[in-house]
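Visitor: got a sequence here, can you model it:
(chains A and B)
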Amino acid sequence: MSSVERVLELGDDALVAAQRLGEWCSSAPEMEEDIALANIALDQLGAARLLLTYAGELEGRGRDEDDLAFLREDREFRNVLLVELDNGDFAVTIGKLLFLAIFQRMLYDQLRAGDDPRLAGIAAKARKESAYHAEHAALWAVRLGDGTEESHRRMQAAVDALWPYTHELFEGDAAGLREAWLAEVDEVLSEATLTRPADGWAPSGGRQGVHTEALSKLLAEMQVLHRAHPGATW
Amino acid sequence: MSARELVAAVRDPELPLVTIEELGILRGVAEHDGHVSVTITPTYSGCPAMDAIRADIAAALAAGGYDDVEVGTDLAEAWTTDWITESGRAKLAAAGVAPPEPAAGTSVRLTLSVRCPRCGSLETEELSRFGATACKALWRCRACREPFERVKAI
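Guide: Just a heads-up that it's a prediction; the model follows:
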């Protein structure tokens, strides 16, 4: 069996990533990408629902997926900072997705062979979806990085701005994944003619519930309807 | 009709040309003393059709006289497009939806040519890796110029 905290971490990463990706709906640079990002958001939401339902059961206080998604305060969320950061321009969104999806695929790969059958089932399912997300993000990173002077400049700026936030992914149980993650990220960056930034500042705190202002604003929008009409269904 | 036959005939709400059995998402049907227990598995974690499928299964069984029905979900092992049956593949192709290539053992970044379900040409190209539903991508045939959907291999 897994700890509530661990399952919440995975579920919150997926939930917050889903909400951010969903913000692109009707705003992406082309219609195909609109559909792509919404589809990826839907996959993340699907994983989040399974994980938060399980976290609620482990907790044993009668909270379901909706209670956990819509009725917790920012300090109770356990997602990494990377997923809550503002979407920025399209390059920033692609950078966030690239770093997250490769990480999630590796983490789910580890969990599907783990000793918690419930989590292994969820991970085996989500792993396939993460692989597809990572592939999509890599294709875009290469297209932008190895594209025009302007697209290269913006993709590199995105990678530079996001890099510090990638360290937090490897806190705790996931520490052993960083080497393999770096190897795969390096491969994409190199094909995209992008430079991997030097390691330095490494903001942290998401796993302890210490978040950026961006999460508060995201939650305000995500939770307002549920809080205004508790228990409403359609 | 048996409970199993009734459930197996339920169609997928988003790909109504195939049944849930042909799509490989029906895991099992068990019947004990009038109680029917059905197990299904989602194609994608967030597949929005799951609720509709559960409701359709209950309705099909109710129409056959089975009122005590339970529909459960089983994630392990994870659904793969390899479970789509031969008849399911044939029906998809006949309806202009390219069936998926084998998912097992394919390299993630390898893309094989997809045969146009209308004219059979291999001169096709991907327009979008994501389509109208989570399980499909959008393609175009360069020979007959028709766009078509393709079930993504996972």
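Visitor: and the residue nearest in space to the middle of chain B, how far from chain A?
Guide: Closest to where the C-alpha atoms of chain B average out (CA atoms, centre = their mean) is residue B:23, at 3.4 Å. Between residue B:23 and chain A the distance is 16 Å, computed by CB to the nearest CB, to the nearest Å. Any C-beta I mention is one placed from the backbone N, CA and C, and that applies to glycine too.
Visitor: which residues touch that residue?
Guide: B:12, B:15, B:43, B:83-84, B:88 (CB atoms under 8 Å, 6 or more residues apart in numbering or on different chains).
Visitor: of these, list those near chain A.
Guide: Among those, proximity to chain A is found for none (CB under 8 Å from any CB of the partner chain).
Visitor: I only care about those residues that end up buried; give me the PyMOL line for that.
Guide: Selection of buried members from those for PyMOL, criterion 16 or more other CB atoms under 10 Å in any protein chain shown:
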select buried, chain B and resi 12+15+43+83+84+88
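Visitor: tally up the residues packed near residue 151, please.
Guide: Picked chain A for this. Using other CB atoms under 10 Å in any protein chain shown, residue A:151 has 16 neighbouring residues.
Visitor: you looked at the wrong chain, it should be chain B
Guide: Residue B:151: 24 neighbours (other CB under 10 Å).
Visitor: give me the beta-bridge partners of it?
Guide: residue B:136 (DSSP bridges).
Visitor: contacts only, for it.
Guide: B:81, B:84, B:92, B:97-100, B:135-136.
Visitor: and the residue of chain A found nearest chain B, what element?
Guide: Closest contact between chain A and chain B, by CB to the nearest CB, is at residue A:46 (2.5 Å). Secondary structure from DSSP states H and E places residue A:46 in helix A:31-59.
Visitor: list the buried residues of that helix.
Guide: A:32-56, A:58.
Visitor: ok, how many other residues are close to the closest residue to residue A:29 other than its chain neighbours?
Guide: For residue A:29, ignoring the flanking residues on the chain, the nearest one in space by CB to CB, 6 or more residues apart in numbering or on different chains is residue A:90 at 5.7 Å. The number of residues packed near residue A:90 is 20, by other CB under 10 Å.
Visitor: next: residue A:152.
Guide: Around residue A:152 there are 17 residues (other CB under 10 Å).
Visitor: and residue B:66, how far from chain A?
Guide: Taken as CB to the nearest CB, the span from residue B:66 to chain A is 26 Å.
Visitor: on the three-state scheme, that residue is what?
Guide: When classified by DSSP: H, G, I helix; E, B strand; the rest coil, residue B:66 comes out as coil.
Visitor: pLDDT score assigned to it?
Guide: pLDDT recorded at residue B:66 is 94.
Visitor: where in the chain is pLDDT low?
Guide: Unless you meant another one, I'm taking chain A. A:1 (pLDDT under 70).
Visitor: try chain B instead
Guide: B:104-112.
Visitor: mind listing the strands for it?
Guide: For chain B, applying DSSP state E gives strands covering B:26-32, B:35-40, B:68-73, B:97-98, B:124-128, B:136-141, B:147-151.
Visitor: before we move on, what about chain A?
Guide: Going by DSSP E, chain A shows no strands.
Visitor: got the residues of it near chain B?
Guide: Counting by CB under 8 Å from any CB, chain A sits next to chain B at A:32-33, A:35-36, A:39-40, A:42-47, A:49-50, A:117, A:120-122, A:124-129, A:131-132, A:134-136, A:138-139.
Visitor: let's see 6 Å
Guide: A:32, A:35-36, A:39, A:42-43, A:45-47, A:121, A:124-126, A:128, A:131, A:135-136 (CB under 6 Å from any CB of the partner chain).
Visitor: what's the angle from the helix holding residue A:46 to strand B:68-73?
Guide: 110 degrees (axes from the mean of the first three to the mean of the last three CA atoms, to 10 degrees).
Visitor: so who does residue B:81 touch?
Guide: Contact analysis of residue B:81 by CB atoms under 6 Å, 6 or more residues apart in numbering or on different chains lists B:100, B:103, B:151, B:153-154.
Visitor: quick one: which of those residues is nearest chain A?
Guide: residue B:154 (4.7 Å).
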